[in-house]
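Chemist: Model the structure of this input:
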Amino acid sequence: MGQDPRPWETTGGIDYLAIERSPQFNRLRLRHRRFVIPVVIAGLIAYLAYVLAASWGTGFMSLKVIGNINWAMLAGLAQIVTTFAVTLVYVWFANRKLDPEAAQIRHRIESGTEPSR
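Modeler: Numbering: from 1, shown residues only. Model prediction:
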């Protein structure tokens, strides 16, 4: 006797644990983590650098660049721009890489060919 190729097909509701253990869901989760974790770490490092520069690099940060605009103002603005850029890149990544695979998983669940009870 071989192993049932679709052990999730039983009666009842959705077996979320079986879905979570499925190879397709694990690939989706891994792809998400491989993108998000480095981006979050880079963002935190950039923000920490900004805070440290503002705290201990006051001489440099107070240097005027153009008119009354100094390096601290430009660095603060860069933090805001970076936040929007990261958001746009994540949306692009999710639309291209995550959402299609998530839609496949959802379709398989709704059609009864994915782990469900």
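Chemist: nearest spatial neighbour of the spatially most central residue of the chain, skipping sequence neighbours?
Modeler: Ranked by distance to the mean C-alpha position of the chain (Cα atoms, centre = their mean), the top residue is residue 36 at 3.5 Å. Among residues not flanking residue 36 along the chain, residue 90 sits closest, at 7.7 Å (Cβ to Cβ, 6 or more residues apart in numbering). All C-beta spots, glycine's among them, are computed from the backbone N, C-alpha and C.
Chemist: Tell me, please, where in the chain the pLDDT is lower than the cut-off.
Modeler: Scanning the chain with the threshold set as pLDDT under 70 gives 1-12, 114-117.
Chemist: Sketch out the strands for it, chain order is fine.
Modeler: 64-66, 69-70 (DSSP state E).
Chemist: Mean neighbour count added to those, as CSV?
Modeler: Output for the strands of the chain, formatted as CSV (neighbours: other Cβ atoms under 10 Å):
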stretch, mean neighbour count
strand 64-66, 10
strand 69-70, 14
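Chemist: now those as JSON lines including distance to residue 51?
Modeler: JSON lines is the format used below for these (distance: least, Cβ to Cβ, whole Å):
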{"stretch": "strand 64-66", "distance to residue 51": "20"}
{"stretch": "strand 69-70", "distance to residue 51": "16"}
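Chemist: Run through the helices of the chain in chain order.
Modeler: Assigned by DSSP state H, the chain shows helices spanning 16-21, 23-56, 58-61, 71-93, 99-110.
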